[in-house]
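J.: just the structure for this:
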Amino acid sequence: MRNVFFYFLGLFFFTACNSNDKKQTKKKSEKSEYTITKDGINDLKIGMSQQEVEKLLNTHFDMNAEKDSVGYWSDTIKTKYRDLDVSLYFDRQYVSEDSGYMEVNGIETSSPLCKTASGVGIGDEKSDIIAAYEDNPVNMSPDWVNVNDTTWAMSKTKYSVYVRDDKWDKEIIFHLTNKKVTSLEARIIMGD
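T.: Predicted structure coming up:
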């Protein structure tokens, strides 16, 4: 009787462990329609000029930064890339003192249609990010929020995880709210 008990106990543990392996394998094998990397989302890439993005998306952007006056060195455009809602972050690049153009330095989405190549996407947790990028440089911290006109404080609900590439020039940023990924961002590292 004792051997039968140990047999069923062992069978239970084997089944439970095997079940967890299948869940993890299923998560990693799910294919998303869009893949975000440190370079961008599919053929929408960091470093593209405004004209290249407009041609890709078959649209024209009206930017405040086109005024090329003091304070207009960056701009954000919310648009569609195919059926994906994205925010594009532009910075002015200067060719000469009197000539410049706008270039994408960041791309962000909150769409569940987009995931990383390792399968991390909207709704995942910080532990999923750490497990997927354990061989990469990773920084993480609570976000700072504006409490009033003069005071900033660390958020109790918003958190960001920064996964760097081996050159330390680009990163994927996972924005979390209440411990779940709410948006994915590819960005040029501007400096620490």
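
J.: drop to CA atoms for contacts and neighbour counts, all remaining ones
T.: Will do.

J.: list the beta-bridge partners for the spatially closest residue to residue 53 that is not a sequence neighbour.
T.: In this structure, residue 53 finds its nearest non-sequential neighbour in residue 44, 7.3 Å apart by C-alpha to C-alpha, 6 or more residues apart in numbering. Per DSSP bridges, the residues bridged to residue 44 are residue 41.

J.: would you check how far apart residue 44 and residue 169 are?
T.: As judged by C-alpha to C-alpha, to the nearest Å, residue 44 and residue 169 stand 18 Å apart.

J.: these two - which one has more neighbours?
T.: residue 44 (18 against 13; other C-alpha atoms under 10 Å).

J.: and the gap between the residue nearest the centre of the chain and residue 129?
T.: Nearest to the geometric centre of the chain sits residue 184, at 2.3 Å (C-alpha atoms, centre = their mean). Residue 184 sits 11 Å away from residue 129, going by C-alpha to C-alpha.

J.: outside of stretch 107-122, which residues touch it?
T.: With contacts defined as C-alpha atoms under 8 Å, 6 or more residues apart in numbering, stretch 107-122 is touched by 27-37, 40-41, 46, 84-89, 128-129, 132, 180-187.

J.: mark which of those are buried, thanks.
T.: Using 16 or more other C-alpha atoms under 10 Å as the burial test, the contacts of stretch 107-122 include 31-32, 34-37, 40-41, 46, 84, 86-89, 129, 132, 180-187 as buried.

J.: so which of the residues you listed belong to strands?
T.: Using DSSP state E, the subset of these located in strands is 34-37, 40-41, 84, 86-89, 180-187.
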